[in-house]
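S.K.: Sequence plus predicted model, see below.
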Amino acid sequence: MNTSTTAESNDVRKNILANGQRIMAGKGFSAVGINEILIAAGVPKGSFYHYFGSKDAFGEELLKSYFDDYLADLDATLGAPGLTMAQRLMNYWKNWQDTQSFFDCQGKCLAVKLGAEVADLSEAMRLALKRGTAGIVDRLARAIEAGMAEGSLSVEGAPDDAAQSLYQLWLGASVMVKIVRTTQPFETAMMATHKILRPSL
């Protein structure tokens, strides 16, 4: 296979994943058929199994791709120049609030949307979720530790515990936002986040 064919194959694969992420973030995993994704991607039906062995394999790859992008964005946020770690962390939560609402999240809320559903459907997808969320919590823990060292945060207890609590808090708030159809749960989560981190902004 020559280089241009390989690049074209990768582009088609990425296109299928991007459309799958956008559609499944709105409808969930089980409610979306392969045909709907392929039509949106403009790809012939027979092509799907050339790139993915099954719908579950597609779901696993979808989650891996989602978390790769999410973690890259998180690294950029937590490495933003000219800011304290407290400011960077609060920017992360503010961005969460802005992008994970009950409105169309354009695929940015995939972990929230699929978490409970696919964890019971597929062990491979559950493990992909576990790896991805562990990566987020690990980065948050290291950021909290750095913020404590520089004095921009004042956290009681271990950074790992604070990071785990905060991520679970915001995941829960995201679910509640979808239930109540207002952003009030995010406002409550933000107040709790300030109490846990005690940032000096």
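M.R.: Now that the structure is in, tell me what you want to look at. Residues are numbered from 1 along each chain as shown.
S.K.: avg pLDDT for the longest helix along the chain?
M.R.: Scanning the chain for the helix with the most residues, using DSSP state H, yields helix 123-150. Averaging pLDDT along helix 123-150 yields 96.
S.K.: how about the helix or strand following that helix: buried residues?
M.R.: Of the helices and strands lying after helix 123-150 in sequence (DSSP states H and E), the nearest is helix 159-180. Neighbour counts over helix 159-180 (16 or more other C-beta atoms under 10 Å) mark 159, 162-164, 166-167, 169-171, 173-174, 176-177 as buried. The C-beta positions use only the backbone N, C-alpha and C, and glycine is treated the same way.
S.K.: Quick one: list the elements packing against helix 159-180.
M.R.: helix 85-99, helix 110-121, helix 123-150, helix 184-197 (3 or more C-beta pairs under 8 Å, 6 or more residues apart in numbering; DSSP states H and E).
S.K.: Could you check the angle the third one makes with helix 110-121?
M.R.: Between helix 123-150 and helix 110-121, the angle comes out at 140 degrees (axes from the mean of the first three to the mean of the last three C-alpha atoms, to 10 degrees).
S.K.: and which of the buried residues of helix 159-180 is nearest to Arg131?
M.R.: Of all the buried residues of helix 159-180, Tyr167 has the smallest distance to Arg131: 14.0 Å, by C-beta to C-beta.
S.K.: I'd say that closest one and Thr133 touch.
M.R.: Yes: with contact defined as C-beta atoms under 8 Å, Tyr167 reaches Thr133; the gap is 6.9 Å.
S.K.: From Asn91, how far out is Tyr167?
M.R.: 16 Å (C-beta to C-beta, to the nearest Å).
S.K.: So what's the residue count around Thr48?
M.R.: Check again: residue 48 is Phe, not Thr. As a burial measure, Phe48 scores 19 neighbours (other C-beta atoms under 10 Å).
S.K.: what angle sits between the longest helix of the chain and helix 85-99?
M.R.: 140 degrees.
S.K.: and helix 123-150 with helix 184-197, angle?
M.R.: 50 degrees.
S.K.: Does anything pack onto helix 123-150? Which helices or strands?
M.R.: helix 55-78, helix 85-99, helix 110-121, helix 159-180.
S.K.: and that helix, which residues are buried?
M.R.: Using 16+ other C-beta under 10 Å as the test for burial, helix 123-150 gives 124-126, 128-129, 132-133, 135-137, 139-141, 143-148.
S.K.: give the contact list for Phe52.
M.R.: By C-beta atoms under 8 Å, 6 or more residues apart in numbering, the residues touching Phe52 are 16, 58, 61.
S.K.: The first one touches Ala41, doesn't it?
M.R.: In other words, Ile16. Yes: assessed by C-beta under 8 Å, Ile16 is found in contact with Ala41 at 4.9 Å.
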